[in-house]
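Colleague: Okay, here's the prediction I keep looking at, along with the sequence it came from:
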Amino acid sequence: KNEVEQSPQNLTAQEGEFITINCSYSVGISALHWLQQHPGGGIVSLFMLSSGKKKHGRLIATINIQEKHSSLHITASHPRDSAVYICAPYNNNDMRFGAGTRLTVKP
Amino acid sequence: ETGVTQSPTHLIKTRGQQVTLRCSSQSGHNTVSWYQQALGQGPQFIFQYYREEENGRGNFPPRFSGLQFPNYSSELNVNALELDDSALYLCASRDRRNTEAFFGQGTRLTVV
């Protein structure tokens, strides 16, 4: 069993839809990153959170440390949100990565 | 833009050769981590350096080695390249007191 499981693996949505990506992990963590990776490879950190909820624009991330689960939500999705979203739980020395969720938002 | 730069952006090497990839960290960040991302997969942790010392390593053989310099820039060296080493190599820097990591754009290595 992988240490980090993301679902779904692939997601296609129509512009304007509400998106949820889920992440479950089995390792102990000090924080969790949600990352966005566009074609070409560059990774951008969207959120780092260790408890509760964070919001940035149309993006919302939540984490439940006891249940070892985190979710990334995108409200009013737009084609420019199309990317791979990666959950990365983190402890002091290294970051573990989910396989990513490939999101395609169609106009 | 994150302030983390990697060079080169693309590289083609022949099996058996050696390669050096470089990463300049975000200013003030004393910790750098390197990751390998094969096509269609999530990144895998290679190792981490803190103040010029390796202080964490993933499941990679010794032919993957690194260096961190006093200015906190770093190198990833891979000897005896194999075809399976073809991947995107990412570095990420952070201030150890704050776990938020900033990633470079990556170096895409192709071994032929």
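Modeller: The structure has been received and is ready for your questions.
Colleague: what's the following helix or strand after the one helix or strand residue B:56 maps to?
Modeller: For residue B:56, the host element (DSSP states H and E) is strand B:53-57. Sequence order places strand B:64-68 as the next helix or strand after strand B:53-57, per DSSP H and E.
Colleague: tell me the angle that next one makes with strand B:53-57.
Modeller: Angle, strand B:64-68 to strand B:53-57, by axes from the mean of the first three to the mean of the last three Cα atoms, to 10 degrees: 140 degrees.
Colleague: buried sites along whichever helix or strand comes after strand B:64-68?
Modeller: Next along the chain after strand B:64-68, taking DSSP H and E as the criterion, comes strand B:74-78. Within strand B:74-78, the residues scored as buried using 16 or more other Cβ atoms under 10 Å in any protein chain shown are B:74-76, B:78. No exception for glycine: its C-beta is placed from N, CA and C like everyone else's.
Colleague: Output whichever helix or strand comes after strand B:74-78 as CSV, nothing but the C-alphas.
Modeller: Using DSSP H and E, the helix or strand that follows strand B:74-78 towards the C-terminus is strand B:87-94. Once non-C-alpha atoms are left out, strand B:87-94 reads as follows in CSV (Å, rounded to 0.1, in the frame of the first residue of the first chain):
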residue,chain,number,x,y,z
ALA,B,87,13.3,11.6,-15.4
LEU,B,88,12.6,15.1,-14.3
TYR,B,89,14.9,16.0,-11.4
LEU,B,90,13.5,18.6,-9.0
CYS,B,91,15.1,20.5,-6.2
ALA,B,92,13.3,22.3,-3.4
SER,B,93,14.7,24.7,-0.9
ARG,B,94,13.4,25.8,2.5
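Colleague: Let me know the average pLDDT across stretch B:16-32.
Modeller: Stretch B:16-32 shows a mean pLDDT of 91.
Colleague: And it, what's buried?
Modeller: Quick answer for stretch B:16-32 (16+ other Cβ under 10 Å): B:19, B:21-26, B:29-32.
Colleague: Also stretch A:59-66?
Modeller: A:59-63.
Colleague: near chain B, which residues of chain A show up?
Modeller: Applying Cβ under 8 Å from any Cβ of the partner chain, one finds that chain A approaches chain B through A:4, A:30-31, A:33, A:35, A:40-45, A:48, A:86, A:90, A:93-100.
Colleague: Tell me which entries of the residues you listed lie within helices.
Modeller: When DSSP state H is applied, those are split such that none fall in helices.
Colleague: Report the buried members of the residues you listed.
Modeller: A:4, A:31, A:33, A:35, A:41-43, A:45, A:48, A:86, A:90, A:94-100.
Colleague: Mind jotting down where the strands sit in chain A?
Modeller: Ranges of strands within chain A are A:4-7, A:10-14, A:19-25, A:31-37, A:43-49, A:52-56, A:59-64, A:69-74, A:83-90, A:101-106, based on DSSP state E.
Colleague: All set now, cheers.
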